[in-house]
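Chemist: below are the sequence and a predicted model; questions follow.
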Amino acid sequence: MRIELDDYDHERDFRAVDRIYSEVGWIDGSDDATKKHEHLAAAVYEGIVFRLDGEAECAALTSLGAMKHLDTDVELAVVTGVTTSRVARKLGAAKRATAAAIARRAEAGSELSALGMFEQGFYDRLGFGSGAYSNWMTFDPATLTVERRFRPPKRLTKDNWRDVHHALCERLRGHGGCVLHQPEIIRGELAFSEKPVGLGYYDGPGGTLSHFFWGEAEGENGPYNIFWYAYRTPEQLFELLALIRSLGDQVVSVRMAEPPEIQFQDVLAQPFRNRRVTRGSKLTSDHRTMAWWQARMLDVPKCLAKTRLDTDDFTFNLQLSDPIEEHLEDGNAWRGVAGDYVVTLGRQSSARHGTVASLPTLCASVGAFTRVWLGVRSASVLARTDDLRGDADLLCGLDHALDLPQPYVGWDY
């Protein structure tokens with residue numbers, strides 16, 4: 001059995017990767033799905049494949065983007081897909097390929113990495129820590145209490161993928177908000193929509209798409225699943241909500257992620273009654289919460305240099321562990337971020353290698369420290385549930401310095 005890790009090569013590897021996607025159920029194996037997949041792969045796919053006897057049997061793919069930390073963008077490498085074939089299970093393929101793909105991006109200058117997890121725990125072995133909770137609301141659009149006028153929208157089709165990508169990149173984006181730079185990613189997302197519903201408004205500079213939603217319809221009365229939406233102002237958000245409300249003459253169930261600018265329950269009439277009445281129905285009203293994404297630092301000094309906090313300087317030693325090194329090949333120059341740092345949090349934060357004997361010391365895994373830095377949970381909370389330790393005064397100081405809004409990604413990867 002011959003095993004090797006190598007860069008994804010479209011001409012050589014697409015057929016095998018397409019077969020893997022079909023095996024794991026990401027595409028249905030039809031000629032039409034393969035054609036759509038090939039367009040996406042040719043334009044976007046970059047990453048590492050795990051070859052078994054010369055054939056790609058696992059692929060870890062990444063894309064470049066940015067995540068906001070308060071008002072500053074951090075260079076982001078998103079792991080957009082990790083797939084392993086039926087014949088390469090339990091060989092460590094996914095961990096090795098993903099570690100190599102992350103190392104490649106770190107060596108090229110990415111400062112942070114993120115991914116959507118299939119289950120909590122697996123990617124912790126590569127240093128990732130769970131992100132903040134997201135809320136998904138399923139509701140009868142007729143119960144929206146948004147009382148405002150809306151204009152007739154423009155109909156969006158799959159051919160509007162560049163407009164949709166531009167609108168997503170220019171949207172109102174707060175702490176934790178992500179963008180992925182390649183428009184073809186959205187082309188692929190829209191191409192796989194089976195019964196699309198896309199409506200929006202071209203109010204941006206030069207007549208660009210300013211606010212919209214895109215989803216899929218199931219049947220005459222729904223549910224409608226809204227996967228993508230964007231807006232540049234709260235007023236545009238409320239126009240979209242009024243537009244969704246207008247569908248309530250026919251549609252009785254819509255599902256979408258809660259926007260960070262509002263608490264969705266505030267704009268619903270009788271949400272508890274409607275949940276009781278529709279319990280067990282396909283056209284239900286419901287509210288579900290989960291943390292679906294994870295992140296980890298790739299360059300601690302660069303991440304801290306982009307951290308600007310409204311607090312007096314707070315300095316401590318950081319003793320950081322990083323499990324990714326054991327999954328990296330010998331040829332990788334980047335070996336993770338484990339080591340000793342002196343960290344200052346404040347209006348101009350910093351991290352430098354070293355230790356100061358007079359300072360308190362925080363011991364943490366890179367995943368746990370990334371969670372604290374992002375404001376997912378406070379240091380005091382994570383000291384109880386994650387790999388993070390420090391004395392009470394140090395944890396209290398971190399709680400105060402990193403008292404941040406909950407990070408909201410706003411981009412499904």
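Modeler: In hand now; what should we look at? Numbering: from 1, shown residues only.
Chemist: which parts of this protein are helices?
Modeler: With DSSP state H as the criterion, the chain has helices at 10-23, 31-44, 93-107, 161-169, 184-191, 234-246, 271-278, 300-305, 366-374, 379-385, 392-401.
Chemist: surely S378 is in contact with G397?
Modeler: No. Look at S378 against G397 with Cβ atoms under 8 Å: they stay out of range, at 11.2 Å. Every residue, glycine included, has its C-beta placed from N, CA and C.
Chemist: beta partners for the closest residue in space to V82 that isn't next to it in sequence?
Modeler: Spatially, and ignoring its direct neighbours in sequence, V82 is nearest to A60 (4.9 Å; Cβ to Cβ, 6 or more residues apart in numbering). Counting by DSSP bridges, A60 is bridged to I48, V82.
Chemist: neighbours of A60, how many?
Modeler: Residues near A60, counting by other Cβ atoms under 10 Å, number 28.
Chemist: for it, give me the pLDDT.
Modeler: For A60, the model assigns a pLDDT of 96.
Chemist: doesn't Y45 make contact with it?
Modeler: No. The pair A60 / Y45 is not scored as a contact, 10.6 Å apart, by Cβ under 8 Å.
Chemist: residue contacts, the nearest residue to D249 once chain neighbours are set aside?
Modeler: Nearest non-adjacent residue to D249, counting by Cβ to Cβ, 6+ apart: A142, 7.6 Å away. Applying Cβ atoms under 8 Å, 6 or more residues apart in numbering to A142 gives the contacts 245, 248-249, 252.
Chemist: ok, A142 to Y231 distance?
Modeler: 22 Å (Cβ to Cβ, to the nearest Å).
Chemist: ditto for V82
Modeler: Remark: distance between V82 and Y231 (Cβ to Cβ) = 31 Å.
Chemist: over to T361?
Modeler: Distance from T361 to Y231, by Cβ to Cβ: 44 Å.
Chemist: which one's more surrounded, those two?
Modeler: Each of T361 and Y231 has its neighbours counted (other Cβ under 10 Å); Y231 has more, 25 against 16.
Chemist: now for this structure, the helix or strand with the poorest mean pLDDT.
Modeler: Using mean pLDDT, DSSP states H and E, helix 271-278 stands out as the lowest-scoring helix or strand of the chain, at a mean of 84.
Chemist: any idea how far that helix is from the middle of the chain?
Modeler: 30 Å (Cα atoms, centre = their mean, to the nearest Å).
Chemist: from the contacts of A142, which is closest to F50?
Modeler: V252 (46.1 Å; Cβ to Cβ).
Chemist: next up, the contacts around the closest one.
Modeler: Residues in contact with V252 (Cβ under 8 Å, 6+ apart) are 140-142, 221-222, 283.
Chemist: and if you look at L388?
Modeler: 362-365, 368-369, 372, 379, 382.
Chemist: what does W334 give?
Modeler: With Cβ under 8 Å, 6+ apart, W334 has these contacts: 103, 106-107, 298, 328.
Chemist: same deal with D7?
Modeler: 46-49.
Chemist: just among these, which is most surrounded?
Modeler: Most surrounded of the contacts of D7: other Cβ under 10 Å gives V49, at 28 neighbours.
Chemist: that residue touches F14, doesn't it?
Modeler: No. V49 is beyond contact range of F14, at 10.4 Å (criterion: Cβ under 8 Å).
Chemist: what's the neighbour count on H327?
Modeler: H327 has 21 neighbouring residues, counting by other Cβ under 10 Å.
Chemist: quick one: low-confidence parts of this structure?
Modeler: Across the chain, not a single residue meets the criterion (pLDDT under 70).
Chemist: number of residues surrounding R232?
Modeler: Burial of R232 is recorded as 16 neighbouring residues (other Cβ under 10 Å).
Chemist: now do T145
Modeler: The tally of other residues near T145 (other Cβ under 10 Å) stands at 11.
Chemist: which residues touch it?
Modeler: Neighbour list for T145: 267-269 [criterion: Cβ under 8 Å, 6+ apart].
Chemist: and which of those is nearest L402?
Modeler: Comparing the contacts of T145 against L402 with Cβ to Cβ places V267 closest, at 30.6 Å.
Chemist: that closest one and P141 touch, don't they?
Modeler: No. Here V267 does not reach P141: they are 10.9 Å apart, not a contact under Cβ under 8 Å.
Chemist: more crowded one of those two?
Modeler: A count of neighbours by other Cβ under 10 Å puts P141 above the other of V267 and P141, at 22 against 18.
Chemist: wouldn't that one be in contact with V254 here?
Modeler: Yes. If you go by Cβ under 8 Å, P141 and V254 touch, sitting 5.0 Å apart.
Chemist: between the two, what contacts are shared?
Modeler: Joint contacts of P141 and V254 (Cβ under 8 Å, 6+ apart) are 244, 247.
Chemist: hang on, the earlier thing: ok, and the most crowded of the contacts of L388?
Modeler: Neighbour tally across the contacts of L388 (other Cβ under 10 Å): the maximum, 31 neighbours, falls on F369.
Chemist: buried subset of the contacts of A142 as a PyMOL selection?
Modeler: In PyMOL, this line selects whichever of the contacts of A142 come out buried by 16 or more other Cβ atoms under 10 Å:
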select buried, resi 245+248+252
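Chemist: got the contacts of A142 as JSON lines, with distance to R151 columns?
Modeler: JSON lines is the format used below for the contacts of A142 (distance: Cβ to Cβ, whole Å):
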{"residue": "R245", "distance to R151": "14"}
{"residue": "G248", "distance to R151": "18"}
{"residue": "D249", "distance to R151": "18"}
{"residue": "V252", "distance to R151": "24"}
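Chemist: return the member of the contacts of A142 nearest to D322.
Modeler: Closest to D322, out of all of the contacts of A142 and judged by Cβ to Cβ, is R245, at 48.1 Å.
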